[in-house]
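Student: Kindly generate the corresponding structure for this input.
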Amino acid sequence: MKNVLFVAPTTYQIPLTENIEKKFKYLSEICNLHIFAFSNEKNHLKIGDTKLYLYKKVKNRILNYLKIFFLSVFMLPSVIKENNIEIISYQDPVSSFFSIFVLRLRNIKTKIIIETHGDFIETLSLEKNLLFPSIYKKVFISMAKYTLDKADKLRTVSSSTEAQVREINQNKEITRFPAWVDFDNYKDIEPVRENNKDFKILFIGSVTDRKKPHLIVEALNNIKSKEIKLFIVGPMPNESYLTKLKELVKRYSLEEQVIFTGSVDRKSVMEHYAETNLMILPSVSEGLARVIFESQVAACPVLVTDAPGMGDIVIDGQTGYIFESNNLESLTNKIQEIKNNYEEAIHVGNNAKDFILSNYSADNFKFSFQKLFDTA
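Tutor: As a prediction, this is how the structure comes out:
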């Protein structure tokens, strides 16, 4: 088997979650797996057949970029040499810039795969409080042009992420398959949503302008039904956006209907899926969100925008519902239509579960990476 190193800005918790351990176990069946990433503390360890090189993440954005540069120059080449790494897989084209620049400058002969799991140009400007977002965008595009050009293989997770890569690089071969999702726990969720006193809507994801949960709040104000409850679940990285969102809830007197939970553990997420009547993701930009897969496997009806990528797994009226991106009237009408015809929505939710389990699996994920490594 080939020696493969995954390099990512991801922050792992130690001990690893059951989900991550399972992912690493599957990948370890097709390669000698090494992980170079971040954690709450510096930690070099081996879990099962996986070697992890974890470094403490710095909260300050500028200092963290400097740390990534330091690790790329001084630490990563040592890990490559020590483990005779043949293939390096990077999680996105931007954060990989320093590392790839150093590898090519030092003429280190490894194959390079660049993955893209979402919008790597607009995401930061939409999710973070940046002073000069236009400057960041120009810098990100320049970095991505360099890294994509230097890569041996590219991997995207959806039609939208593939299209974004194609705008920057027309020549490289692209392999496309979804990100890791462990369906085993979600497929066995026992739904209790039909017993709800209220109609429960779930938004799950980063509470940011890119994900646009405020559109759901606006729709609730239009519908004016006390029966509807909205649960907003997920991290809240943009304080400015969060403040405006809470002010909107207060302005419409929806404090009793809109519940902010923040980030929750996996067990709580599964409970939400079991109880939810409708999961809504109003994102204007999305790779192929894991929460869509999870909701569908739990037979929870989903409503998403027509943004590129969503249609890869959501077929309107068959495996979910679609409304026009950034269109409040379209969203409002769809929510009312689904609520008023909920027996049909239950049928759509069950169809979605069958569709995902029939077409996506952990084995498919493993075999797709096997093919990618074999041809790198």
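Student: I'd assumed residue 171 was in a helix, is it?
Tutor: No - if the criterion is DSSP: H, G, I helix; E, B strand; the rest coil, then residue 171 is coil and not within a helix.
Student: Not counting its neighbours along the chain, what's nearest residue 2?
Tutor: With sequence-adjacent residues excluded and distances taken as Cβ to Cβ, 6 or more residues apart in numbering, residue 2 is closest to residue 86, at 4.8 Å. (Glycine included, C-beta is placed from N, CA and C.)
Student: show me what contacts the one you found?
Tutor: Contacts for residue 86 were tallied using Cβ atoms under 8 Å, 6 or more residues apart in numbering; they are 2-4, 110-111.
Student: Outline the domain layout of this structure.
Tutor: Listed domain ranges for the chain are 3-181+361-375, 184-359 (source: automatic domain parsing).
Student: Compare the mean pLDDT across the ones you listed and name the weakest.
Tutor: The minimum mean pLDDT among the domains of the chain belongs to domain 3-181+361-375 (a mean of 89).
Student: In the chain, which strand is the longest?
Tutor: Looking across the chain with DSSP state E, the single longest strand is strand 3-12.
Student: buried set for that one?
Tutor: Within strand 3-12, the residues that count as buried by 16 or more other Cβ atoms under 10 Å are 3-8, 10, 12.
Student: before we move on, what about stretch 42-62?
Tutor: So, applying 16+ other Cβ under 10 Å, buried residues of stretch 42-62: 47, 50-55, 57.
Student: If we only consider those, which is nearest to residue 24?
Tutor: residue 50 (4.4 Å; Cβ to Cβ).
Student: residues contacting the closest one?
Tutor: Shown in contact with residue 50 (Cβ under 8 Å, 6+ apart): 24, 27-28, 33-35.
Student: Tell me which entries of those residues lie within strands.
Tutor: When DSSP E defines the strands, the subset of the contacts of residue 50 inside them is 33-35.
Student: Dump these into a markdown table; add distance to residue 185 and neighbour count as well.
Tutor: Shown next, in a markdown table, are those (distance: Cβ to Cβ, whole Å; neighbours: other Cβ atoms under 10 Å):
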| residue | distance to residue 185 | neighbour count |
| --- | --- | --- |
| 33 | 23 | 22 |
| 34 | 27 | 21 |
| 35 | 23 | 21 |
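Student: mind putting those in TSV, distance to residue 136 included?
Tutor: What follows is those, written out as TSV (distance: Cβ to Cβ, whole Å):
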residue	distance to residue 136
33	33
34	31
35	27
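Student: So what's the gap between stretch 354-374 and the chain middle?
Tutor: In terms of Cα atoms, centre = their mean, to the nearest Å, the centre of stretch 354-374 is found 17 Å from the chain centre.
Student: From the centroid of the protein, which residue is nearest?
Tutor: Taking Cα atoms, centre = their mean, the centroid of the chain lies closest to residue 289, which sits 4.9 Å from it.
Student: Mind listing what's buried along stretch 80-93?
Tutor: Those would be 80, 85-93, for stretch 80-93 by 16+ other Cβ under 10 Å.
Student: Just give me the closest of those residues to residue 250.
Tutor: When the buried residues of stretch 80-93 are compared for distance to residue 250 (Cβ to Cβ), residue 92 wins out at 36.7 Å.
Student: Grab the nearest non-local neighbour of that closest one.
Tutor: Spatially, and ignoring its direct neighbours in sequence, residue 92 is nearest to residue 120 (4.8 Å; Cβ to Cβ, 6+ apart).
Student: and the gap between the one you found and residue 168?
Tutor: According to Cβ to Cβ, to the nearest Å, residue 120 and residue 168 sit 10 Å apart.
Student: from what I can see residue 313 touches residue 302, true?
Tutor: No - using Cβ atoms under 8 Å, residue 313 is not in contact with residue 302; the gap is 9.1 Å.
Student: so what sits against both of these two?
Tutor: Residues touching both residue 313 and residue 302 (Cβ under 8 Å, 6+ apart) are 292, 296, 320.
Student: Just the residues you listed: which are in strands?
Tutor: Per DSSP E, the shared contacts of residue 313 and residue 302 never map to strands.
Student: ranking the residues you listed by neighbours, who comes first?
Tutor: residue 296 (31 neighbours; other Cβ atoms under 10 Å).
Student: contacting residues for that one?
Tutor: Applying Cβ under 8 Å, 6+ apart, we find residue 296 in contact with 302, 313, 319-320, 349, 352-353, 355-356.
Student: can you tell me which two in those residues are farthest apart?
Tutor: Using Cβ to Cβ, the contacts of residue 296 span at most 13.3 Å, a distance reached by 313 and 349.
Student: strands paired with the longest strand of the chain, and their directions?
Tutor: Strand 3-12 pairs in its sheet with strand 32-39 (parallel), strand 87-90 (parallel), by DSSP bridges.
Student: how about the helix or strand following the shortest one: buried residues?
Tutor: If I follow you right, that is strand 87-90. Going down the chain from strand 87-90, the next helix or strand is helix 97-105, by DSSP states H and E. Within helix 97-105, the residues scored as buried using 16+ other Cβ under 10 Å are 97-103.
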